[in-house]
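In: Turn this into a model:
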Amino acid sequence: NHGAEHKKEGGSSKEFMHGRCPISHFWSSEDPRLMVVEAKQSATSSDLSKVDPNANDPVIMVTFFVDIATAPLLVVKDVIPMPKQCAKLVGFDVPFYYCLAANVSSPLTMPPAALDDSGDKETQQKRQPVLNKSVVLRVPMKDFAGFSDCDNATKKALIDFSFHIAYGNMDEAFKSIKLIKNESVWANMCRMCVKNQNLPVAKMCLGNMKNMRAAAALRRAEQKEYEIPAQTAVLAIALGMKDEAEKLLRSCGRFDLLNELYQSVGQWKKALDVAESHDRIHLTTTQYNYARHLEASGEPDQAVNFYEKANTHRFDVPRMMSDNYQQLKVYIDSRNDPALFKWWAQYCESMQDIEAAMDYYDRANDLVSIIRVNCFLGKYEEAMAICNRDVGALDTAGGGAVSNEVKAACYFLAQHFETLYTNEQDQKHFQNAINYYMRAEAYSNAVKLCKDAHDYEQLKNVASLGSTKDKLDAANFLEQQDTPDTRDKALTLYSMAGQGLKVAEMTRGEQKAAVMDSIVANL
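Out: A predicted model of the protein is given here:
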């Protein structure tokens, strides 16, 4: 029950008076259950900060509910620091604390004499000392902030509500406020619920306030199964209570929501600090959002810096500088980033500046694009020379695996030669396609091309380097041709694929000494 939680959090007088000594106390003249105590830090309070959230305030005012018929006898209602412009507490009456203003020697003055000292007794009584209102400040209680001029019925309802909440009597608390019609009262009570983390009462307040936006935000937080402090923080944000929301989110460790809060109110430095120290999973997102904010604010240089930190500069910087390509070119040249070089090369190619495009493709080491442009221009010898140069460089360096970039370039060139191969007479393009498929290690494509061209010798050689699937595919094709030569080649490929039973079936009753010797050697 929430009342029990409330007492546990702030109901113990020992917790708030620990390390402090009382200076003065006052009772409310309107409600005998209310008492306020002015307390200051004692000189020996070394561990005060461990138990008191107001440890940095030298003087505090603690309001208690006192009920001799209920345990505990004292329950803390409010704790507020003494305002800086106030020197001491001089009185208390709902809904105000009355404090002496700072830097004032005496709050008492004598009214001007109407008669001389020989005047009558009645006149002398009129000249008794009176409180100088100009040196007394009124500090509203938390419950009445914003509408301290409410009527007596409303004041009583709010005090009764706070009393029953403090002692955990939820049914009585609801009864005490159900007749209130003033929306500002409900709004203030909702803010009280935020401070007490009393969400059931807060929902009722929202209904009477007709604040659908805040109610929807709270419902979404509940559906996401946020912690109670986090749900309360969401409500506080909807009510404009940023400081309370910040404290609640820190208390429950929801730094992701605190990060979002700082971003929503434009406190980007705090958002970045939280992301770097407590919410690193959202650090990149925070940096990106800040970059978007800087871009919208007309600070492109800073925006570029944070786009780079968020690692989205390869897309966002060209987009941001799309109206000033000269500036964009300077930026790309200064970064030495292959991805940006490729972006600029594609832009140059779209603008028909092929020479610049080839230069930036080369700087980006984008072999596929270089081969593609050369093929488009009909410069096949140059494209072949580039592929041969890169493959040959590996051979000169002592072998090693061909890089994926080189394989992709060879594969593209092979595909292009395959499109140029139109008939059996065009053996040059056919052989080039086979050679570059082999360099790209695309054996399945080479097998398919050999089958289409009915080049059985080449088919056997290519399939023998491919996977088991390639060997079986080529062997099955050669077997279907049903000639002695193709059957021998099929037997060899079947044996290489580990299909011994198939080989035995094909050679039953035949004298295939040479083939069997090959099969035995493979086994």
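
In: Run a quick neighbour tally on Met358.
Out: When counting by other Cβ atoms under 10 Å, one arrives at 18 neighbours for Met358. All C-beta atoms are positioned from the backbone trio N, CA, C, and that covers glycine.

In: who touches it in this structure?
Out: Shown in contact with Met358 (Cβ atoms under 8 Å, 6 or more residues apart in numbering): 345, 370, 373.

In: So for it, what's the pLDDT?
Out: Met358 carries a pLDDT value of 95.

In: Show me which positions of the helix or strand that contains it end up buried.
Out: Under the criterion of DSSP states H and E, Met358 resides in helix 354-363. Using 16 or more other Cβ atoms under 10 Å as the test for burial, helix 354-363 gives 356-358, 360-361, 363.

In: Tell me the one of the residues you listed nearest Asp482?
Out: Tyr361 (49.8 Å; Cβ to Cβ).

In: Can you check what pLDDT the model gives that closest one?
Out: 95.

In: Surely it and Trp343 touch.
Out: No - using Cβ atoms under 8 Å, Tyr361 is not in contact with Trp343, being 11.0 Å away.

In: Could you list the low-confidence segments of the stretch 301-450 of the chain?
Out: Judged by pLDDT under 70, the stretch 301-450 of the chain has its weakly predicted residues at 391-402, 423-425.

In: dump the residue contacts of Val274.
Out: For Val274, the contacting residues are 255, 258-259, 262, by Cβ under 8 Å, 6+ apart.

In: Need those residues in TSV (columns: distance to Met212).
Out: Below are the contacts of Val274 laid out as TSV (distance: Cβ to Cβ, whole Å):
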residue	distance to Met212
Phe255	29
Leu258	25
Asn259	27
Tyr262	26
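
In: Next step: those residues restricted to strands.
Out: Using DSSP state E, no member of the contacts of Val274 falls within strands.

In: Out of these, which comes closest to Thr419?
Out: Out of the contacts of Val274, the member with the shortest distance to Thr419 (by Cβ to Cβ) is Asn259, at 53.9 Å.

In: Just list the residues touching the closest one, thanks.
Out: 271, 274-275, 279, 282, 286.

In: Tell me which entries of these lie within helices.
Out: The helices, defined by DSSP state H, take in 271, 274-275, 286 from those.

In: Show me which pair in those is furthest apart.
Out: The most widely separated members of those are Val274 and Thr286, with 8.2 Å between them, by Cβ to Cβ.

In: Count the residues that sit near Pro83.
Out: Neighbourhood size, Pro83 [other Cβ under 10 Å]: 15.

In: again with Asn182
Out: 14.

In: Distance of it relative to Ala173?
Out: With distances taken as Cβ to Cβ, to the nearest Å, Asn182 is found 18 Å from Ala173.

In: next one: Cys450
Out: Counting by Cβ to Cβ - Cys450 and Ala173 are separated by 88 Å.

In: What of Arg250?
Out: Arg250 is 28 Å from Ala173, by Cβ to Cβ.

In: Compare the two (neighbour count), which wins?
Out: Ala173 (23 against 15).

In: Report pLDDT for the more buried one.
Out: For Ala173, the model assigns a pLDDT of 80.

In: pretty sure it is touching Pro200, no?
Out: No - using Cβ under 8 Å as the test, Ala173 is too far from Pro200 to be in contact (9.8 Å).

In: Buried residues in the helix or strand harbouring Arg138, which are they?
Out: Element membership for Arg138 (DSSP H and E) is strand 136-140. Within strand 136-140, the residues scored as buried using 16+ other Cβ under 10 Å are 136-137, 139.
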